[in-house]
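1. structure, please.
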Amino acid sequence: MKYSIKKQLAFIFIVLLSAMQVLFWVSNVVLLERYYISKKRDNLMEIYTVINDWSNRELVATEEFDEEIQKICSAYSVSFIITDAASNTIKTSINDADEFNRQLRDIIFERSDDTQEVILEGVNYTISNLLDQNGEAEYLVMWGNLDNGNFFMLRASMEGIHYSADMANAFFLNVLMVVAVLAVAMIWIVSEKVGEPILELADLSKRMAQLDFDARYQGNDKNEIAILGESFNLMSEKLEETISSLKSANLKLQRDVESQIRIDNMRKEFVANVSHELKTPIAIIQGYAEGLMEGITEDPESQRYYCEVIMDETVKMNRMVKNLITLSQLESDADAIMMERFDLTDLIRNCIQSSEILTMQTGIHVVFEPEQEVSVWADEYQIEEVFRNFLSNAIHHAAVSEKRKEKLIEVALTKTDGKVRISVFNTGKQIPEESLEHIWDKFYKVDKARTREYGGTGIGLSIVKAVMERIGQAYGVINHEDGVEFYFELEVA
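-> Down below sits the predicted model:
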């Protein structure tokens, strides 16, 4: 973009940065060496104070003075010499004292203005720039007399000061170049950051123009652009809410239609199944009732048999109706789940005892030996319904197996990970593999003749499925070599 704000901001910042760097560079070149000389002058004043103090105490000749003066002179790269009025060397920090002594005499007695430039002059001392006789070396010197009358001179090479200033300037120049590169990169990034929300708003407006109301401004700043972005978001939210309401209403309508279709299909299936299941007992009742009315037999025993058949079929129909009502209530959630804590072992024991006459008549041996009492959380009435269906199913299908040589039902409780599995095993034939997934369906019968024989309705396992799915617990069936095991699980209290 030719007139991009990003480029304009980047140009302005780069110009400002360049100007500041040039200013810093010029200041460094002009002032850094003067700053070094100023600091070196302060060093000379500090050393002079130390020497004068030790001289006043007449301790210049001691080892303690040698140690302290050597340490401070080494730290500041300064040489010194002390002489008496006759120019005899009293103390010096260098080995070649003669040349140092001669230089001191030349300064004091000849005071050559051609070789030195006075920087600061005090009562007893003078600080100046000094060239040696050959004009090759330049020094910063401090000379004069001590309070005790002796002469002194402190000398620091200007070559080191010039070198340090040049090195510092070179280092600063390299740093400026690196900083300049980094700063340009950072400026470009910052300008991108500034231009990005504007481009985002432009893209947002395009998307909204195309009716994409999911578009949102993502910036989290507090500036004017962010305020504009929030306005875009608010407008997009209102439009989204409106469309969401329309979509929700449409989805609800669609679900209602699907639910109505499903209910209609279930109603048709239910009517067909019930009609089929009731057709046989009604036909039997009708046939035997018509026979009685027509006086087909006058034998009291035969009449009694006819009545027993009618009563038996009536009981079966009554049982079927009750089961259908129970299943309907479970599937429609008409009754609330009453979660309560109860003794599962006691419930199972009572159910087994109530079926004891039937098991004895059919020659079935029931085994239930719990190791301990087990308390669970569930709807006690519905769990009793589940267990009774499993037990009744086992009683009607128990048979002698080649392995056990007897009709056997085994009830077991197994606790694992906060749950208890209740299993009901009966010896006999296995359930065909193709029937395993259908046995939980309403009115499904594996062996229709046998089911009809004992009065089964094909609804019991459907009730088990509805109860267990309602409380969200596992259930199932397992074929064994010599029989079938049904099971369900509950949460241990």
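
2. gap between the residue located most distally from the centre of the chain and Phe100?
-> Going by Cα atoms, centre = their mean, the residue of the chain most distant from its centre is Ala86, 87.8 Å out. Going from Ala86 to Phe100 by Cβ to Cβ, to the nearest Å gives 16 Å. (Glycine included, C-beta is placed from N, CA and C.)

3. also Ile285?
-> 143 Å.

4. now do Ala183
-> Counting by Cβ to Cβ - Ala183 and Phe100 are separated by 50 Å.

5. same check on Lys39?
-> For Lys39 relative to Phe100 (Cβ to Cβ), the value is 23 Å.

6. repeat for Tyr139
-> Tyr139 is 11 Å from Phe100, by Cβ to Cβ.

7. ok, Met13 - how many residues close by?
-> In this structure residue 13 is Phe, not Met. Phe13: 17 surrounding residues under other Cβ atoms under 10 Å.

8. and it, that one's in a strand?
-> No. Applying DSSP: H, G, I helix; E, B strand; the rest coil, one finds Phe13 to be helix, outside a strand.

9. isn't it right next to Val190, touching?
-> Yes. Counting by Cβ atoms under 8 Å, Val190 is a contact partner of Phe13 at 7.4 Å.

10. show me the chain divided up by domain.
-> 5-165, 337-492 (automatic domain parsing).

11. for Glu196, find the nearest of these.
-> domain 5-165 (8.4 Å; Cβ to Cβ).

12. tell me which helix or strand of this protein sits lowest on mean pLDDT?
-> helix 448-454 (a mean of 47; mean pLDDT, DSSP states H and E).

13. pull out the buried positions in stretch 292-311.
-> 303, 306, 309-310 (16 or more other Cβ atoms under 10 Å).

14. now those residues as JSON lines including secondary structure?
-> Converted to JSON lines, these look like this (three-state DSSP):
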{"residue": "Gln303", "secondary structure": "helix"}
{"residue": "Tyr306", "secondary structure": "helix"}
{"residue": "Val309", "secondary structure": "helix"}
{"residue": "Ile310", "secondary structure": "helix"}
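
15. okay if I get those residues as CSV plus distance to Tyr444 and pLDDT?
-> Output for these, formatted as CSV (distance: Cβ to Cβ, whole Å; pLDDT from 0 to 100):
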residue, distance to Tyr444, pLDDT
Gln303, 37, 77
Tyr306, 32, 75
Val309, 26, 74
Ile310, 27, 79
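
16. overlap of the contact sets of Tyr139 and Phe100?
-> Taking Cβ atoms under 8 Å, 6 or more residues apart in numbering as the contact rule, Tyr139 and Phe100 both touch Arg155.

17. all strands for the stretch 51-200 of the chain, in order.
-> Along the stretch 51-200 of the chain, counting by DSSP state E, counting those that start in this stretch, strands occupy 79-83, 89-92, 116-121, 125-131, 138-145, 151-157.

18. looking at the domains of the chain, which is buried most?
-> Neighbour counts (mean count of other Cβ atoms under 10 Å) averaged over each of those peak at domain 337-492, with a mean of 16.

19. please state the backbone phi and psi of Gly476?
-> phi 170, psi -170 (degrees, to the nearest 10).

20. and it, what does it touch?
-> Contacts of Gly476 by Cβ under 8 Å, 6+ apart are 486-488.
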